[in-house]
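*Asks:* just coords:
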């Protein structure tokens, strides 16, 4: 295994993790490298992602936020390095992935319900059980949607909610969301943050969310992963202490505002560098 | 509400206008009545013809058009999916497909006459040849232009190559496939009608138009033209209705 120094750095900026022995690393990334053409996006990158937390990934434009989760989720091949999930490879891991573009990620030819149940079909679950598990998930999360509709008959937020449910139906141990709310209007974004937080509190699934909105990144996260310009380093892995469920009140809470300001100053420092 | 109702009648205005001008022209005898019979004479001929020989011709043309489109679809849809699912494969055949798609199918009549003789087979084969290329081209592009995110979504959920092909690509290509089928059936009708005029035919709308003209039976000729028009419009409408029923997500 290579390059422990960067790992030590990660731990140093995340003191909360060190104090909490129960929080073991879920995803361990070691020596990750990736280039597009001649641009080095990641060079010998190390990171530990703790289990059962919601991690927001934030950083300058083009620093490789989405590339990081796409490599972890196997959508983009790595050039070098190793990514393990509690010691296992991706092929042995149940995971869910939510795309930014819900309109193109859902299947318009089947109902919202069948969209949510589709991953179970891929896993050869018999139809009756598919139905039962999908209904159980929707009931468990208290989602109020008419799932007999086709995706194109729903609002953007509803479609993204269906996408999230589709990712959750396999009871994933890890959930990836790539800028899931950036195509929604502000009102819908607020509503969806609340929904995602509720889902997270119910399932406690390790969640990695890429965001381009700092307020959203801090509001939703247990920890904000701040990346530098490429080649990306961990600029900070900032814990967000605010208690859940977080509400509109949290947004003006002094602690929350301070954390956000700190993230912003680190972000600006990284943007100005180079 | 009232304006909605009124809007439903808008398409009728063109029809009424056309018949009105036509009636005026024949009534004032601005055009030789031998060349342009009155609407009444024409529709009388159409009405009586359809329950007689024109009806038989109409059915014959439907049969030939349907047969050639069906054959074309059976060949072109699976082939289009195979070609479309590999962009390199399609690119390597693109020139050949485009070349023959651009070749007037009527230029192939002599060749097909040699191959199939003067019977129905030749007409159906040439029409099918034209329609195959149009449908093939559209199906292949429908598959190639499948939304990348959708394919990726299926892949990330663990779908195999075959699953992606059947659950995603095939359905993604359906709207474009229907565009191909509509264009294909229109082209097939054109080729069939031309073939019925000139390739030793005893029946069919093309034959009917041509024979009426030779006999100078103008009401019958116009009636046959209208019958052909109605057939073309009806076929297009039929495919549109099927598409709306089965490809409900098209354009959404």
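*Replies:* Noted; the coordinates are in hand. No experiment lies behind these values; they were computed from the predicted model shown. Residues are numbered from 1 along each chain as shown, chains lettered A, B, ... in the order given.
*Asks:* residue A:133 reaches residue A:165, doesn't it?
*Replies:* No - the criterion here is C-beta atoms under 8 Å, and residue A:133 misses it with residue A:165 at 11.3 Å. (Each C-beta comes from the backbone N, C-alpha and C, glycine too.)
*Asks:* was I right to think residue A:204 contacts residue A:52?
*Replies:* Yes - using C-beta under 8 Å, residue A:204 makes contact with residue A:52 at a distance of 5.0 Å.
*Asks:* buried stuff in whichever strand or helix holds residue A:166?
*Replies:* Taking DSSP states H and E as the criterion, residue A:166 maps to helix A:156-168. Residues of helix A:156-168 classed as buried by neighbour count (16 or more other C-beta atoms under 10 Å in any protein chain shown): A:156-168.
*Asks:* check stretch B:96-104 too.
*Replies:* Neighbour count says stretch B:96-104 has residue B:97 buried, by 16+ other C-beta under 10 Å.
*Asks:* which residues does it contact?
*Replies:* Under the contact criterion C-beta atoms under 8 Å, 6 or more residues apart in numbering or on different chains, stretch B:96-104 has outside partners B:133, B:134, B:136, B:137.
*Asks:* turn the residues you listed into a markdown table, columns for pLDDT.
*Replies:* Compiled in a markdown table, those are given as follows (pLDDT from 0 to 100):
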| residue | pLDDT |
| --- | --- |
| B:133 | 94 |
| B:134 | 94 |
| B:136 | 95 |
| B:137 | 92 |
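*Asks:* apart from its neighbours in sequence, what residue is nearest residue A:48?
*Replies:* Spatial nearest neighbour of residue A:48, excluding adjacent residues (C-beta to C-beta, 6 or more residues apart in numbering or on different chains): residue A:25 at 4.0 Å.
*Asks:* for the one you found, what are its contacts?
*Replies:* Residue A:25 neighbours (C-beta under 8 Å, 6+ apart): A:48, A:49, A:50, A:51, A:86.
*Asks:* got a winner among these for most neighbours?
*Replies:* residue A:49 (23 neighbours; other C-beta atoms under 10 Å in any protein chain shown).
*Asks:* the spatially most central residue of chain B in helix, strand or coil?
*Replies:* Central residue of chain B (C-alpha atoms, centre = their mean): residue B:186, 1.7 Å from the mean position. Recorded secondary structure, residue B:186: helix (DSSP: H, G, I helix; E, B strand; the rest coil).
*Asks:* which residues are in contact with it?
*Replies:* B:232, B:235, B:236.
*Asks:* pLDDT value on it, please?
*Replies:* For residue B:186, the model assigns a pLDDT of 95.
*Asks:* same check on residue A:143?
*Replies:* pLDDT at residue A:143 comes out at 83.
*Asks:* assumed it was part of a strand.
*Replies:* No - Residue A:143 sits outside any strand when classified using three-state DSSP, being coil.
*Asks:* quick check on it: phi, psi?
*Replies:* phi -80, psi 130 (degrees, to the nearest 10).
*Asks:* which residues touch it?
*Replies:* A:161, A:165, A:195.
*Asks:* and of these, the nearest to chain B?
*Replies:* residue A:165 (12.9 Å; C-beta to the nearest C-beta).
*Asks:* wait, that closest one touches residue A:116, no?
*Replies:* Yes - contact criterion C-beta under 8 Å: residue A:165 and residue A:116 qualify, at 4.6 Å.
*Asks:* between these two, which contacts overlap?
*Replies:* The contact sets of residue A:165 and residue A:116 overlap at A:137, A:138 (C-beta under 8 Å, 6+ apart).
*Asks:* thinking again about what came up before, which of the contacts of residue A:25 fall within strands?
*Replies:* Counted as lying in strands by DSSP state E, out of the contacts of residue A:25, are A:48, A:49, A:50.
*Asks:* please report how far the second one lies from residue A:72.
*Replies:* Using C-beta to C-beta, to the nearest Å, residue A:49 is found at 8 Å from residue A:72.
*Asks:* now the common contact residues for the two.
*Replies:* If you check residue A:49 and residue A:72 against C-beta under 8 Å, 6+ apart, the residues they both contact are A:27, A:29, A:208.
*Asks:* contact partners for the last one?
*Replies:* Shown in contact with residue A:208 (C-beta under 8 Å, 6+ apart): A:27, A:49, A:55, A:57, A:69, A:72, A:174, A:175, A:176, A:177.
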